[in-house]
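# sequence below, structure please.
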Amino acid sequence: MIIVTTNDLPGYKIDAIFGEVMGLTVRSRHIGAQFTASFRALGGGELPEMTKALYESRQEVVARMVAEGQAKGANAIIAARFDTSEMGGNWTEVCAYGTAVYAIPLAEGESGATGQSAYLAANPQAQ
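You can find the predicted model right below:
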């Protein structure tokens, strides 16, 4: 699955648009990790416990967004975005969303083709 933050996909023709797809999770903070992070915050710098939790949340919501896109028949997601917000005192919502599309690589010689798209058009098994 191709995922881009741009509104178009250079080297590809968008053949179908399936609409918005998203992945969502709401996580509560582990009391031990929250306590440790609060203690570390006194000295400043990165809070590895919170960084790890956010990274895992982002990976999870992207996987859910991709699964929703695949279920609709998409092979790419354009205009992908993340949104994070606090819910209550201890909950964090993480959302990934974008537009599910079916993209066809442009062959060599077609207007807008790139080296990558020409290779993929000539070698469909590589997609």
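# low-confidence stretches in this protein?
29-47, 89 (pLDDT under 70).
# please enumerate the helices of this protein.
Secondary structure of the chain (DSSP state H): helices at 31-41, 48-72, 115-122.
# now render those as a markdown table, adding distance to residue 22 and mean neighbour count.
Where C-beta positions appear, they are placed from N, C-alpha and C, glycine not excepted. Listed next are those as a markdown table, based on distance: least, C-beta to C-beta, whole Å; neighbours: other C-beta atoms under 10 Å:
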| stretch | distance to residue 22 | mean neighbour count |
| --- | --- | --- |
| helix 31-41 | 26 | 13 |
| helix 48-72 | 6 | 16 |
| helix 115-122 | 27 | 16 |
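# tell me who's in contact with residue 103.
2, 9, 12, 13, 14, 15, 75, 76 (C-beta atoms under 8 Å, 6 or more residues apart in numbering).
# list only those of those flagged as buried.
Neighbour-count burial (16 or more other C-beta atoms under 10 Å) applied to the contacts of residue 103 gives 9, 12, 75, 76.
# looking at these, which is nearest residue 50?
residue 76 (31.5 Å; C-beta to C-beta).
# compare the helices of the chain and give me the one nearest residue 100.
Using C-beta to C-beta, the helices of the chain put helix 48-72 closest to residue 100, at 4.0 Å.
# which strands and helices sit next to the closest one?
strand 12-28, helix 31-41, strand 76-87, strand 91-105 (3 or more C-beta pairs under 8 Å, 6 or more residues apart in numbering; DSSP states H and E).
# contacts for stretch 51-64?
With C-beta under 8 Å, 6+ apart as the test, stretch 51-64 has contacts from 3, 22-25, 27, 29-30, 33, 82, 84, 92, 94-96.
# go with 6 Å
23, 25, 27, 94, 96 (C-beta atoms under 6 Å, 6 or more residues apart in numbering).
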